[in-house]
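>>> show me the folded form of this:
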Amino acid sequence: MTKDKRRRPPITHLEAAFGVAMDPELLERALTHRSFAYENGGLPTNERLEFLGDSVLGVVITTALFHNHPDLPEGQLAKLRASVVNMRALADVARRLGPAGLGPYLLLGKGEESTGGRDKASILADTLEALLGAIYLQYGLDTVAIVIHRLFDPLMAESAGRGAALDWKTSLQELTAALGLGVPEYRIDEAGPDHAKTFTAWVVVAGRKYGGSDGRSKKEAEQRAAEAAWRTLSDQGEEDVEPASAAAPVAAVDGHGPAVGAEVELGVGTDATGGVDAGVGPVDGPERDAAPTAEPAARSRTAPAGGSAGGAGTPS
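Numbers count the residues shown, from 1 in each chain. All right, here's what the predicted structure looks like:
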(Lines give C-alpha, C1' and ligand atoms only; values in the text may rest on other atoms or scores of the structure.)
Protein backbone atom coordinates (compact mmCIF):
# COMPACT_ATOMS: atom_id res chain seq x y z
CA MET A 1 0.00 0.00 0.00
CA THR A 2 1.01 3.61 -0.53
CA LYS A 3 2.98 5.08 2.34
CA ASP A 4 0.99 7.96 3.75
CA LYS A 5 2.82 9.97 6.41
CA ARG A 6 -0.46 11.28 7.78
CA ARG A 7 -2.13 9.01 10.31
CA ARG A 8 -5.59 7.96 9.27
CA PRO A 9 -8.47 6.50 11.28
CA PRO A 10 -8.81 2.70 11.08
CA ILE A 11 -9.84 1.55 7.61
CA THR A 12 -12.31 -0.80 9.31
CA HIS A 13 -14.40 2.23 10.28
CA LEU A 14 -14.74 3.17 6.63
CA GLU A 15 -15.53 -0.40 5.62
CA ALA A 16 -18.19 -0.61 8.33
CA ALA A 17 -19.82 2.53 6.91
CA PHE A 18 -20.12 0.80 3.54
CA GLY A 19 -20.98 -2.58 5.04
CA VAL A 20 -18.33 -4.46 3.04
CA ALA A 21 -14.67 -5.38 3.40
CA MET A 22 -12.59 -3.91 0.58
CA ASP A 23 -9.54 -5.13 -1.28
CA PRO A 24 -6.61 -3.06 0.07
CA GLU A 25 -5.20 -2.16 -3.36
CA LEU A 26 -8.57 -1.11 -4.79
CA LEU A 27 -9.30 0.89 -1.65
CA GLU A 28 -5.94 2.67 -1.78
CA ARG A 29 -6.40 3.59 -5.42
CA ALA A 30 -9.93 4.87 -4.79
CA LEU A 31 -8.55 7.21 -2.11
CA THR A 32 -5.65 8.54 -4.24
CA HIS A 33 -6.24 12.06 -5.53
CA ARG A 34 -4.27 13.15 -8.57
CA SER A 35 -2.35 15.73 -6.50
CA PHE A 36 -0.92 12.96 -4.30
CA ALA A 37 -0.17 10.76 -7.31
CA TYR A 38 1.75 13.59 -9.01
CA GLU A 39 3.87 14.29 -5.93
CA ASN A 40 4.71 10.60 -5.52
CA GLY A 41 6.09 9.65 -8.89
CA GLY A 42 2.98 9.32 -10.98
CA LEU A 43 1.00 6.74 -8.99
CA PRO A 44 -2.34 5.59 -10.42
CA THR A 45 -5.13 8.00 -9.47
CA ASN A 46 -8.75 7.35 -8.57
CA GLU A 47 -10.11 9.03 -11.70
CA ARG A 48 -10.88 5.84 -13.66
CA LEU A 49 -12.67 4.37 -10.65
CA GLU A 50 -14.56 7.64 -10.26
CA PHE A 51 -15.71 7.39 -13.89
CA LEU A 52 -16.97 3.86 -13.28
CA GLY A 53 -18.59 4.67 -9.94
CA ASP A 54 -20.43 7.65 -11.39
CA SER A 55 -22.07 5.38 -13.97
CA VAL A 56 -22.93 2.67 -11.44
CA LEU A 57 -24.43 5.21 -9.05
CA GLY A 58 -26.52 6.69 -11.84
CA VAL A 59 -27.88 3.28 -12.88
CA VAL A 60 -28.84 2.26 -9.34
CA ILE A 61 -30.48 5.58 -8.44
CA THR A 62 -32.31 5.80 -11.78
CA THR A 63 -33.62 2.24 -11.43
CA ALA A 64 -34.86 2.89 -7.89
CA LEU A 65 -36.64 6.09 -8.90
CA PHE A 66 -38.18 4.38 -11.95
CA HIS A 67 -39.69 1.61 -9.82
CA ASN A 68 -40.61 3.75 -6.81
CA HIS A 69 -42.44 6.38 -8.86
CA PRO A 70 -44.31 4.55 -11.66
CA ASP A 71 -46.60 7.51 -12.35
CA LEU A 72 -43.96 10.24 -12.70
CA PRO A 73 -43.04 11.47 -16.20
CA GLU A 74 -39.45 11.48 -17.43
CA GLY A 75 -38.90 15.14 -16.60
CA GLN A 76 -39.86 14.71 -12.95
CA LEU A 77 -37.75 11.57 -12.62
CA ALA A 78 -34.77 13.44 -14.05
CA LYS A 79 -35.31 16.24 -11.55
CA LEU A 80 -35.47 13.81 -8.65
CA ARG A 81 -32.29 12.09 -9.81
CA ALA A 82 -30.48 15.41 -10.14
CA SER A 83 -31.44 16.29 -6.57
CA VAL A 84 -29.75 13.09 -5.33
CA VAL A 85 -26.79 12.67 -7.69
CA ASN A 86 -24.94 15.97 -7.55
CA MET A 87 -21.67 17.17 -6.10
CA ARG A 88 -23.02 18.68 -2.91
CA ALA A 89 -25.28 15.73 -2.09
CA LEU A 90 -22.44 13.27 -2.63
CA ALA A 91 -20.09 15.37 -0.51
CA ASP A 92 -22.63 15.45 2.32
CA VAL A 93 -22.91 11.65 2.17
CA ALA A 94 -19.11 11.40 2.22
CA ARG A 95 -18.87 13.63 5.30
CA ARG A 96 -21.18 11.24 7.18
CA LEU A 97 -19.21 8.07 6.42
CA GLY A 98 -18.01 6.51 9.66
CA PRO A 99 -17.18 8.40 12.84
CA ALA A 100 -14.85 10.90 11.12
CA GLY A 101 -16.23 11.15 7.59
CA LEU A 102 -14.32 10.38 4.40
CA GLY A 103 -11.94 13.37 4.56
CA PRO A 104 -9.30 11.91 6.91
CA TYR A 105 -8.80 8.91 4.61
CA LEU A 106 -7.96 10.89 1.47
CA LEU A 107 -4.49 10.76 -0.05
CA LEU A 108 -3.81 14.38 -1.05
CA GLY A 109 -0.84 16.35 -2.27
CA LYS A 110 0.64 19.12 -0.14
CA GLY A 111 -1.10 21.83 -2.14
CA GLU A 112 -4.57 20.36 -1.70
CA GLU A 113 -3.82 19.60 1.93
CA SER A 114 -2.90 23.22 2.64
CA THR A 115 -6.05 24.62 1.00
CA GLY A 116 -8.58 22.47 2.85
CA GLY A 117 -8.89 19.70 0.30
CA ARG A 118 -10.12 17.20 2.87
CA ASP A 119 -13.42 19.04 3.10
CA LYS A 120 -13.63 20.20 -0.52
CA ALA A 121 -16.98 19.12 -1.95
CA SER A 122 -15.63 18.19 -5.39
CA ILE A 123 -12.88 15.96 -3.95
CA LEU A 124 -15.21 14.25 -1.49
CA ALA A 125 -17.83 13.60 -4.17
CA ASP A 126 -15.30 12.26 -6.66
CA THR A 127 -13.70 9.99 -4.04
CA LEU A 128 -17.06 8.59 -2.98
CA GLU A 129 -17.80 7.71 -6.61
CA ALA A 130 -14.36 6.09 -6.90
CA LEU A 131 -15.07 3.96 -3.83
CA LEU A 132 -18.39 2.85 -5.32
CA GLY A 133 -16.54 1.96 -8.51
CA ALA A 134 -14.08 -0.13 -6.49
CA ILE A 135 -16.89 -1.95 -4.69
CA TYR A 136 -18.53 -2.67 -8.04
CA LEU A 137 -15.30 -4.15 -9.43
CA GLN A 138 -14.82 -6.31 -6.37
CA TYR A 139 -18.35 -7.52 -5.74
CA GLY A 140 -20.55 -6.74 -8.73
CA LEU A 141 -23.75 -4.77 -9.26
CA ASP A 142 -26.00 -6.48 -6.70
CA THR A 143 -23.70 -5.71 -3.79
CA VAL A 144 -22.83 -2.16 -4.79
CA ALA A 145 -26.58 -1.54 -5.18
CA ILE A 146 -27.04 -2.56 -1.52
CA VAL A 147 -24.30 -0.12 -0.53
CA ILE A 148 -25.81 2.69 -2.61
CA HIS A 149 -29.27 2.15 -1.14
CA ARG A 150 -27.72 2.13 2.31
CA LEU A 151 -26.18 5.55 1.71
CA PHE A 152 -28.69 7.27 -0.57
CA ASP A 153 -32.17 6.04 0.39
CA PRO A 154 -32.62 8.93 2.87
CA LEU A 155 -31.89 11.45 0.11
CA MET A 156 -34.33 9.77 -2.28
CA ALA A 157 -36.96 9.72 0.46
CA GLU A 158 -36.52 13.42 1.15
CA SER A 159 -36.75 14.29 -2.52
CA ALA A 160 -39.91 12.20 -2.93
CA GLY A 161 -41.57 13.37 0.27
CA ARG A 162 -40.87 17.07 -0.07
CA GLY A 163 -40.48 17.50 -3.81
CA ALA A 164 -37.21 18.23 -5.60
CA ALA A 165 -35.69 21.45 -6.79
CA LEU A 166 -32.15 21.64 -8.06
CA ASP A 167 -30.96 24.06 -5.38
CA TRP A 168 -32.03 25.30 -1.97
CA LYS A 169 -32.16 28.97 -2.97
CA THR A 170 -34.78 28.21 -5.61
CA SER A 171 -36.70 26.04 -3.14
CA LEU A 172 -36.66 28.79 -0.52
CA GLN A 173 -37.84 31.43 -2.96
CA GLU A 174 -40.74 29.20 -4.05
CA LEU A 175 -41.68 28.54 -0.42
CA THR A 176 -41.53 32.18 0.70
CA ALA A 177 -43.66 33.14 -2.30
CA ALA A 178 -46.23 30.50 -1.37
CA LEU A 179 -46.30 31.77 2.23
CA GLY A 180 -46.46 35.42 1.20
CA LEU A 181 -43.15 36.25 2.90
CA GLY A 182 -41.48 38.12 0.05
CA VAL A 183 -38.09 37.58 -1.56
CA PRO A 184 -35.21 36.21 0.59
CA GLU A 185 -32.17 38.48 1.02
CA TYR A 186 -28.67 37.06 1.55
CA ARG A 187 -25.81 38.50 3.61
CA ILE A 188 -22.23 37.23 3.50
CA ASP A 189 -19.23 37.57 5.82
CA GLU A 190 -15.79 36.24 4.92
CA ALA A 191 -12.72 35.39 6.98
CA GLY A 192 -9.30 33.85 6.55
CA PRO A 193 -6.43 34.23 4.05
CA ASP A 194 -7.09 34.42 0.32
CA HIS A 195 -6.06 30.81 -0.30
CA ALA A 196 -8.33 29.42 2.44
CA LYS A 197 -11.26 31.78 2.91
CA THR A 198 -14.35 30.75 4.84
CA PHE A 199 -17.68 32.37 4.01
CA THR A 200 -20.61 32.67 6.40
CA ALA A 201 -24.08 33.36 5.02
CA TRP A 202 -27.37 34.44 6.51
CA VAL A 203 -30.69 34.77 4.75
CA VAL A 204 -33.32 37.28 5.86
CA VAL A 205 -36.98 36.39 5.30
CA ALA A 206 -39.70 38.78 6.41
CA GLY A 207 -37.29 40.47 8.81
CA ARG A 208 -36.02 37.24 10.41
CA LYS A 209 -32.47 35.96 10.03
CA TYR A 210 -31.71 32.29 9.34
CA GLY A 211 -28.51 30.37 8.73
CA GLY A 212 -25.14 31.52 9.96
CA SER A 213 -23.93 28.76 7.67
CA ASP A 214 -20.29 28.31 6.62
CA GLY A 215 -18.96 27.29 3.23
CA ARG A 216 -15.75 27.32 1.23
CA SER A 217 -17.42 29.55 -1.36
CA LYS A 218 -20.14 32.20 -1.25
CA LYS A 219 -22.41 29.94 -3.26
CA GLU A 220 -22.00 27.01 -0.87
CA ALA A 221 -22.60 29.18 2.20
CA GLU A 222 -25.73 30.72 0.66
CA GLN A 223 -27.07 27.29 -0.26
CA ARG A 224 -26.62 26.08 3.31
CA ALA A 225 -28.28 29.18 4.73
CA ALA A 226 -31.18 28.73 2.31
CA GLU A 227 -31.50 25.10 3.36
CA ALA A 228 -31.65 26.06 7.05
CA ALA A 229 -34.31 28.68 6.34
CA TRP A 230 -36.32 26.35 4.11
CA ARG A 231 -36.39 23.59 6.71
CA THR A 232 -37.49 25.93 9.48
CA LEU A 233 -40.18 27.66 7.43
CA SER A 234 -41.35 24.38 5.93
CA ASP A 235 -41.82 22.82 9.36
CA GLN A 236 -43.53 25.79 10.94
CA GLY A 237 -45.74 26.52 7.94
CA GLU A 238 -47.75 29.64 8.64
CA GLU A 239 -47.43 29.36 12.43
CA ASP A 240 -45.58 32.20 14.08
CA VAL A 241 -42.88 30.31 16.00
CA GLU A 242 -39.23 30.92 16.71
CA PRO A 243 -36.98 29.61 13.93
CA ALA A 244 -34.81 26.54 14.56
CA SER A 245 -31.60 25.64 12.82
CA ALA A 246 -31.86 21.86 13.13
CA ALA A 247 -32.37 19.95 9.90
CA ALA A 248 -35.60 18.03 9.45
CA PRO A 249 -35.44 14.23 9.69
CA VAL A 250 -35.69 12.15 6.57
CA ALA A 251 -37.35 8.82 5.88
CA ALA A 252 -36.24 5.49 4.54
CA VAL A 253 -37.63 4.57 1.13
CA ASP A 254 -40.06 1.69 0.89
CA GLY A 255 -39.93 -0.29 -2.31
CA HIS A 256 -37.03 -1.51 -4.38
CA GLY A 257 -33.63 -1.97 -2.78
CA PRO A 258 -32.72 -2.78 0.81
CA ALA A 259 -33.76 -0.64 3.74
CA VAL A 260 -31.38 1.95 5.06
CA GLY A 261 -29.02 0.28 7.50
CA ALA A 262 -28.97 -3.08 5.71
CA GLU A 263 -25.49 -4.54 5.98
CA VAL A 264 -23.65 -7.38 4.31
CA GLU A 265 -20.43 -9.13 5.23
CA LEU A 266 -18.39 -10.18 2.23
CA GLY A 267 -14.88 -11.55 1.94
CA VAL A 268 -12.15 -9.63 0.19
CA GLY A 269 -11.40 -12.62 -2.00
CA THR A 270 -14.70 -12.50 -3.88
CA ASP A 271 -14.46 -12.83 -7.66
CA ALA A 272 -13.62 -9.44 -9.17
CA THR A 273 -15.96 -10.15 -12.09
CA GLY A 274 -18.93 -9.69 -9.81
CA GLY A 275 -19.51 -13.06 -8.14
CA VAL A 276 -20.68 -12.74 -4.55
CA ASP A 277 -20.32 -15.35 -1.84
CA ALA A 278 -23.59 -17.03 -0.93
CA GLY A 279 -23.13 -16.42 2.78
CA VAL A 280 -24.10 -12.96 3.91
CA GLY A 281 -24.64 -11.74 7.40
CA PRO A 282 -24.34 -8.66 9.60
CA VAL A 283 -21.01 -6.93 9.51
CA ASP A 284 -19.30 -5.81 12.67
CA GLY A 285 -19.34 -2.08 13.11
CA PRO A 286 -21.80 0.75 13.69
CA GLU A 287 -25.18 0.40 12.06
CA ARG A 288 -27.14 3.29 10.61
CA ASP A 289 -30.68 3.41 11.89
CA ALA A 290 -33.43 4.35 9.49
CA ALA A 291 -34.41 7.92 10.18
CA PRO A 292 -38.00 8.84 11.14
CA THR A 293 -40.44 9.68 8.39
CA ALA A 294 -40.30 13.25 7.18
CA GLU A 295 -43.48 15.29 7.49
CA PRO A 296 -45.06 15.93 4.05
CA ALA A 297 -44.64 19.41 2.69
CA ALA A 298 -47.48 21.89 2.64
CA ARG A 299 -48.54 23.75 -0.48
CA SER A 300 -45.98 23.92 -3.26
CA ARG A 301 -42.83 23.38 -1.19
CA THR A 302 -39.98 21.97 -3.21
CA ALA A 303 -36.66 20.95 -1.70
CA PRO A 304 -33.57 19.27 -3.02
CA ALA A 305 -31.58 16.55 -1.34
CA GLY A 306 -28.46 18.42 -2.44
CA GLY A 307 -27.38 21.69 -3.96
CA SER A 308 -26.93 22.78 -7.53
CA ALA A 309 -23.16 22.65 -7.66
CA GLY A 310 -21.96 19.96 -10.02
CA GLY A 311 -18.88 17.79 -9.77
CA ALA A 312 -17.11 15.68 -12.33
CA GLY A 313 -19.56 13.27 -13.80
CA THR A 314 -22.49 14.57 -11.75
CA PRO A 315 -25.17 17.03 -12.84
CA SER A 316 -24.77 20.60 -11.74
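>>> tell me the SS of the closest residue to residue 189 other than its chain neighbours?
Closest residue to residue 189 apart from its sequence neighbours, by Cβ to Cβ, 6 or more residues apart in numbering: residue 200 at 4.6 Å. Heads up, the C-betas are built off the backbone N, CA and C, glycines and all. Under the three-state scheme (DSSP: H, G, I helix; E, B strand; the rest coil), residue 200 adopts strand.
>>> how near is residue 200 to residue 117?
Separation of residue 200 from residue 117 (Cβ to Cβ, to the nearest Å): 21 Å.
>>> ok so, going back, tally of neighbours for the residue nearest to residue 189?
A total of 18 residues lie near residue 200 under the criterion other Cβ atoms under 10 Å.
>>> which residues sit in contact with residue 9?
Residues near residue 9 by Cβ atoms under 8 Å, 6 or more residues apart in numbering: 98-100, 104-105.
>>> tell me which two of those sit farthest apart.
The most widely separated members of those are 99 and 105, with 11.6 Å between them, by Cβ to Cβ.
>>> ok, which stretches of the stretch 51-200 of the chain are helices?
74-84, 87-95, 110-114, 121-139, 141-162, 168-178 (DSSP state H, counting those that start in this stretch).
>>> quick one: distance of stretch 47-54 to the chain centre.
Distance of stretch 47-54 from the chain centroid (Cα atoms, centre = their mean, to the nearest Å) equals 16 Å.
>>> same question for stretch 199-207.
Worked out by Cα atoms, centre = their mean, stretch 199-207 lies 24 Å from the chain centre.
>>> before we move on, the earlier item: and residue 99 and residue 105? Which one has more around it.
Using other Cβ under 10 Å as the criterion, residue 99 and residue 105 rank with residue 105 on top: 25 against 12.
>>> so the more buried one touches residue 12, yeah?
No: Residue 105 is not in contact with residue 12 according to Cβ atoms under 8 Å; the separation is 11.6 Å.
>>> using a markdown table, lay out the helices of the stretch 51-200 of the chain together with mean pLDDT and distance to residue 190.
Output for those, formatted as a markdown table (pLDDT from 0 to 100; distance: least, Cβ to Cβ, whole Å):
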| stretch | mean pLDDT | distance to residue 190 |
| --- | --- | --- |
| helix 74-84 | 88 | 28 |
| helix 87-95 | 92 | 20 |
| helix 110-114 | 91 | 19 |
| helix 121-139 | 97 | 18 |
| helix 141-162 | 89 | 29 |
| helix 168-178 | 85 | 19 |
